[in-house]
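Q: Model the following, please.
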Amino acid sequence: MNLENQLIEHVEDSNTSDNPHFQEILNARVSRRSVVRGGIGMTAAMMLGGAGLVGCSDENDDPIITPPTKQPELKAPETINFTPVPHSKKDQVVVPEQYQVEAFLPVGTPLISGLSDWSDTQQRAGESFELRVGDNHDGLWFYGLKDGKLDNTVSDHGLLVINHEYVEVERLHLLGGYTRKIANPVDKIYENQRLSDDVRREVNAHGVGVYEVKRKKDLATFELVKDSKFNRRFTSATEVDFSGPAAGHDLLKTKFDPTGKSTRGINNQCGSGPSPWGTYLTVEENFTGVFARRTDDAAKVPAHTDFALTRYGQKAGSTGFDYLWHTPALEEQIIPDEFSRWDVSSIGATALDDYRNALNTFGWIVEVDPFDPTSRAVKRTALGRFAHENCGYAPVEAGKPVVLYMGDDARGEYVYKFVSKAVWNPADANGGLKAGTKYLDEGTLYVAKFSANGTEAYGLGEWVELTYGINGLNSSNTKYPFSSQADVMVFTRLAADSVGATKMDRPEWVNASPITGEVYLTLTNSNAANRGGKTDPANPRDYDNNGDGKLDGNPNGHVIRWREDNGNHAALKFQWDVYAFGAPFDLAAANLSGLTAENDFSSPDGLVFDPRGVMWIQTDDGAYLKRTNCMMLVALPGQVGDGASQQVGAVTTHIGAKPTTNNLARFLTGPLEAEITGVAFTPDLKTFFVSIQHPGENGNRKDGFNSHWPDSQTNPSSKALPRSALAVITRKDGGVVLG
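A: Presented below is the predicted three-dimensional model:
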């Protein structure tokens, strides 16, 4: 939470457009009494070496609907069938009494035999993390495996693909990410220098991991299959290809690849999603956090280039998250430009002499084929470039386009939809990257406008096309002189600004129900500065969250949803409402959805549907942590327009039908200072995998940590270092989760 929110604060003010914010539209509807209802490059010695520096609803039977793990015999329960988990400040994952928890695949776990295990007191070589489980587990997916191929009926053997968003320097390195001061630096962004092996360790702990797992014999738990041909990592050093309209464009050309068709690395993988054809769609979110830009660079580049860099959070003089990957000594590099590539300043004669375009090579949807160990990851440029949170697809239908939804995770950013040119052919269900090329390289990208118009039950919205030559996206554009579709895709935020898209409160995970087809999106929060301090009755979500007498914006967030016209996901119009507002149950000014102590939540983030249409909501909270750790809730949602009127001060509003503990309840609370993010399940729905990210994130090696999870799950007195890992959730009786 802290590290990610630092970058959110760093980049969220980059949207200086005067486009309407979603809250303005919501307030307008409130005032009218009509708001919503409702690559391995290391030697064997490096791999095996261990010692480091010491001390230094009903089932839909329509045959053309094909969710990835559809199980016709499994149906959603009609009501919540467990006692909701209470608020908790325990250093454990707490679940209902009939369930059990086991920690799995913590950061540093070796993928091959002979590679030494994690140690709290011995540092592992940076290169070794190319063959270890990465840090800060986030979005993930389980793929059933049989005879080396995808089989969505197999639940005891599969591939877990996990995003590793960023790193916790205070436990990854013995010295906590040590830096040394440099006398007379070439620029202030170089005044602090990192150790090369620390940087290498961090670079390799980012990215995505593919891990073969197998259920232990006669047990509910899983184990890693070491030495599997499928086990591999995609890191911030792995070579990756580009495809789509921006591939080969001048804006992607660098010293590393003058053709602009490849780059090194994927970064800040957050939410995730499977594709209908059996691949994994990961994302690049807060990628600006690992780059730096020299102080004088603004004067060296054209004004529109500086504007574009700034709009993506890379102001001149910026060092992002202060990872400082650009600073290790030149003589310590193993490969050419190993560290200098993280400096995006214009220091050479042309773009082919430096890495001024390196930032443009990040911020994409990245496709991985878990079942082809020889394949390279592909960045799909037709889906636009921004701080992608996840990529969720609508239920596919034969003969109709494939539709994907995406959010740009920063306050005041936008919601997008991609509609493929090719129409879905069920024969592509196991098509791999070839199918990805078919469906993801050609299509139309849209951005959402939420209108204050509508009915008593719902608001209206439209999708605005982001295509070069349409809607003013051309060389005469006052925001940015677009010269091609590649331009539009590289600078998608600028295109969305230009067409008047609606600013949103940090758009995060977005997914469609496999049963109703309605689309749900978490809006994590806004703050006082972003909201603007409005206190009039038409702005019900600008309130004092902590009792200090100051307005805090919308710190608890909300979940919105929409229904495309006539259920057609390629439609250009939609109807929307607010499913639920997050709030403490006893904060009357904010609790517009009537939440109780059994189902209140704050800062919704992860959101995933299982094949039954059951919705799982996860939180990444900084506003409610005095009372409870972050959590995961289960929801049996209704539909757009199912709400009723509610008086809020002098304002009458309409929101979604108020949830009860029969249809929304807290299923899990996490350990101390941890985010709950990412959930996957076996096809039989008997095992759920949940990512527990950065437990004890506020501690350090000198002063200690408040959390010691995952060890504290079974040993409350443990003093082990906290580590990100998965929590594996099963029923004690071996039954279906929420069965």
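Q: Where does pLDDT dip in the stretch 1-150 of the chain?
A: Within the stretch 1-150 of the chain, the set of residues satisfying pLDDT under 70 comprises 1-13, 17-73.
Q: what about the helices in it?
A: In the stretch 1-150 of the chain, the segments counted as helices under DSSP state H, counting those that start in this stretch are 2-11, 22-31, 44-48.
Q: Please apply the same query to the stretch 301-450 of the chain.
A: Counting by DSSP H, counting those that start in this stretch, the helices of the stretch 301-450 of the chain are 303-311, 432-440.
Q: which one of the ones you listed is the most hemmed in?
A: For those, the largest average neighbour count (mean count of other Cβ atoms under 10 Å) is found in helix 432-440, namely a mean of 21. All C-beta atoms are positioned from the backbone trio N, CA, C, and that covers glycine.
Q: out of the helices of the stretch 301-450 of the chain, nearest to residue 501?
A: Among the helices of the stretch 301-450 of the chain, helix 303-311 comes nearest to residue 501, with 13.6 Å by Cβ to Cβ.
Q: hey, C-alpha coordinates of the closest one in CSV?
A: The C-alpha trace of helix 303-311 is given here as CSV (Å, rounded to 0.1, in the frame of the first residue of the first chain):
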residue,chain,number,x,y,z
ALA,A,303,7.5,20.7,-25.7
HIS,A,304,5.0,18.1,-26.7
THR,A,305,7.5,15.3,-25.8
ASP,A,306,8.1,16.8,-22.3
PHE,A,307,4.3,17.2,-21.9
ALA,A,308,3.7,13.5,-22.8
LEU,A,309,6.5,12.3,-20.4
THR,A,310,5.0,14.5,-17.7
ARG,A,311,1.5,13.2,-18.4
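Q: Now the residue nearest to residue 359 when sequence neighbours are not counted: phi and psi?
A: Using Cβ to Cβ, 6 or more residues apart in numbering and skipping the chain neighbours, the partner closest in space to residue 359 is residue 344 (4.7 Å). Dihedral angles of residue 344 (phi, psi; degrees, to the nearest 10) stand at phi -100, psi 20.
Q: Repeat that for residue 251.
A: Dihedral angles (degrees, to the nearest 10) for residue 251: phi -70, psi -10.
Q: hang on, isn't it packed against residue 359?
A: No: contact criterion Cβ atoms under 8 Å: residue 251 and residue 359 do not qualify, at 9.9 Å.
Q: just to revisit the earlier point, what's around the residue nearest to residue 359, how many residues?
A: Neighbours of residue 344 under the rule other Cβ atoms under 10 Å: 25.
Q: for it, what are its contacts?
A: Contacts for residue 344 were tallied using Cβ atoms under 8 Å, 6 or more residues apart in numbering; they are 291-293, 309, 314, 355-359.
Q: and if you look at residue 168?
A: By Cβ under 8 Å, 6+ apart, the contact list for residue 168 reads 135-136, 694, 697, 724.
Q: give me that answer again for 6 Å
A: For residue 168, the contact set (Cβ atoms under 6 Å, 6 or more residues apart in numbering) comprises residue 694.
Q: can you put the helices of the stretch 301-450 of the chain in a markdown table and add mean pLDDT and distance to residue 364?
A: Formatted as a markdown table, the helices of the stretch 301-450 of the chain follow (pLDDT from 0 to 100; distance: least, Cβ to Cβ, whole Å):
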| stretch | mean pLDDT | distance to residue 364 |
| --- | --- | --- |
| helix 303-311 | 97 | 16 |
| helix 432-440 | 98 | 11 |
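Q: And the contacts of residue 344, which is closest to residue 677?
A: residue 291 (23.5 Å).
Q: Run a quick check on residue 160 versus residue 212, I expect a contact.
A: No: judged on Cβ atoms under 6 Å, residue 160 makes no contact with residue 212 at a distance of 8.0 Å.
Q: Give me the distance between the residue nearest to residue 359 and residue 235.
A: Distance from residue 344 to residue 235, counting by Cβ to Cβ, to the nearest Å: 19 Å.
Q: What about the nearest residue to residue 564 once chain neighbours are set aside, how many residues nearby?
A: Computed as Cβ to Cβ, 6+ apart, the closest residue to residue 564 that is not its neighbour in sequence is residue 571, at 4.6 Å. Using other Cβ under 10 Å, residue 571 has 16 neighbouring residues.
Q: Residue 571 and residue 243, how far apart?
A: Residue 571 is 27 Å from residue 243, by Cβ to Cβ.
Q: now residue 200
A: Applying Cβ to Cβ, the value for residue 200 to residue 243 is 28 Å.
Q: go on, residue 562?
A: With the distance defined as Cβ to Cβ, residue 562 ends up 29 Å from residue 243.
Q: what about those two, which has more around it?
A: residue 562 (25 against 20).
Q: what pLDDT, on average, does the helix or strand where residue 504 lies get?
A: Per DSSP states H and E: residue 504 is located in strand 504-505. The pLDDT scores in strand 504-505 average 88.
Q: partner strands of it, parallel or antiparallel?
A: Paired strands of strand 504-505, with direction, are strand 411-413 (antiparallel) (DSSP bridges).
Q: mean confidence score for the partner strand?
A: Averaged across strand 411-413, the pLDDT comes to 87.
Q: Do a quick rundown of the helices in the stretch 151-300 of the chain.
A: Under DSSP H, counting those that start in this stretch, the stretch 151-300 of the chain gives helices at 169-172, 196-205.
Q: ok, residues contacting the longest one?
A: When you say that, I think you mean helix 196-205. Against helix 196-205 from outside (Cβ under 6 Å, 6+ apart): 126, 129-130, 134-135, 167, 173, 177, 235-237, 325, 328, 332.
Q: same thing but 8 Å
A: Contact with helix 196-205 is made by 52, 107, 123-130, 132, 134-135, 164, 167, 169, 172-173, 175, 177-178, 233, 235-237, 265, 323-325, 327-329, 332-334, 338-339, as judged by Cβ under 8 Å, 6+ apart.
Q: ok, of the residues you listed, which come out buried?
A: When those are checked for burial by 16 or more other Cβ atoms under 10 Å, the buried set is 52, 107, 123-130, 132, 134-135, 164, 167, 169, 172-173, 177, 233, 235-237, 265, 323-325, 327-328, 338-339.
Q: In strands, which of these appear?
A: Judged by DSSP state E, the buried ones among the contacts of helix 196-205 include 164, 233 as members of strands.
Q: Where does pLDDT dip in this protein?
A: Scanning the chain with the threshold set as pLDDT under 70 gives 1-13, 17-73, 452, 531-541, 644-654.
Q: what's the longest strand in it?
A: Looking across the chain with DSSP E, the single longest strand is strand 443-454.
Q: Remind me what that one packs against, helices and strands.
A: Helices and strands touching strand 443-454, as assessed by 3 or more Cβ pairs under 8 Å, 6 or more residues apart in numbering; DSSP states H and E, comprise helix 22-31, strand 415-423, strand 459-465, helix 492-498.
Q: try 6 Å
A: Applying 3 or more Cβ pairs under 6 Å, 6 or more residues apart in numbering; DSSP states H and E, we find strand 443-454 packed against helix 22-31, strand 415-423, strand 459-465.
Q: From the chain's centroid, how far away is the second one?
A: Put simply, strand 415-423 sits 19 Å off its chain's centre (Cα atoms, centre = their mean, to the nearest Å).
Q: repeat for the shortest one
A: Relative to its chain's centre, strand 459-465 lies at 24 Å (Cα atoms, centre = their mean).
Q: Start the count at 305 instead of 1 going forward.
A: Renumbered: residue one is now 305, and that last one reads strand 763-769.
Q: next helix or strand past that strand?
A: helix 789-794.
Q: Residue 729: neighbouring residues, count only.
A: When counting by other Cβ under 10 Å, one arrives at 15 neighbours for residue 729.
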